[in-house]
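Participant: kindly generate the corresponding structure for this input.
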Amino acid sequence: MPTDSSIDLFSKPTSAGLVPGLDDGRPPRGLTKEGWVRTTGWLQIGHHPVSSAHIAAFTGLLWSLVGAAAVITSRPVVAGVLVITTPAVCGISWWLFTVLVRPASSARNIATKRADELTPGDLIRLYGTIGPVGQVVAVTSGEELLVTLHGGSHRTWARDHVLHVVELLS
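Facilitator: Numbers count the residues shown, from 1 in each chain. Below you'll find the model as predicted:
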């Protein structure tokens, strides 16, 4: 409903795009009170992130093989059960941890940008190629660039500093 000043009071706010979100409009699972997004997983093959639950399962497999080698002569059935169940327990436990206990989002690095090319709405890695994600709200030019992120935090980078742009997946 437009008012006298031509503002539609019932329309969706246009600044909603500056809140980190998924393509379908839901907030990311790892969104914190401070405004940045906790992410999980650190391995990406091409444009395909590898789930950290798979990494945990693989690590569990390696440790179960060590444990099985230690007990196989005295308890071969225990060794077999250990090799079968430990990877599943490790993978499922890590997945539950990153969904329920310390929610974290999956993210995929899709490009790189120099700091002076950042625009409001860009989702960027805050500390290199892995780690938390922040959404750019404003970029202030000066001797160095002052980048304001969703939630009110600020980062200062040199103009030619390269940042990783990401896509949030969960």
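
Participant: can you give me the neighbour number for residue 156?
Facilitator: Using other Cβ atoms under 10 Å, residue 156 has 13 other residues around it. C-beta coordinates here come from the backbone N, C-alpha and C atoms, glycine included.

Participant: repeat for residue 164
Facilitator: Using other Cβ under 10 Å, residue 164 has 20 neighbouring residues.

Participant: next, it: phi, psi?
Facilitator: Torsion angles at residue 164 (phi, psi; degrees, to the nearest 10) stand at phi -100, psi 120.

Participant: let the chain start at 857 from now.
Facilitator: Taking 857 as the first residue, the last one we looked at is residue 1020.

Participant: what bridges to the residue nearest the centre of the chain?
Facilitator: The centroid of the chain falls nearest to residue 895 when counting by Cα atoms, centre = their mean (2.5 Å). Beta-bridge pairing of residue 895 under DSSP bridges involves residue 961.

Participant: correct me, but it touches residue 959?
Facilitator: No: Residue 895 is beyond contact range of residue 959, at 10.5 Å (criterion: Cβ atoms under 8 Å).

Participant: which residues are common contacts for the two?
Facilitator: Residues touching both residue 895 and residue 959 (Cβ atoms under 8 Å, 6 or more residues apart in numbering) are residue 886.

Participant: if I look at the residue of the chain most remote from its centre, how far off is residue 950?
Facilitator: The centre of the chain is farthest from one residue, residue 930, which by Cα atoms, centre = their mean lies 44.3 Å away. Distance, residue 930 to residue 950, by Cβ to Cβ, to the nearest Å: 30 Å.

Participant: check residue 899 too.
Facilitator: Using Cβ to Cβ, residue 899 is found at 14 Å from residue 950.

Participant: show the subsequent helix or strand relative to the lowest-mean-pLDDT helix or strand in the chain.
Facilitator: Of all helical and strand segments in the chain, the minimum by mean pLDDT, DSSP states H and E falls on strand 899-901, at a mean of 81. Note on strand 899-901: by DSSP states H and E, the next helix or strand toward the C-terminus is strand 904-906.
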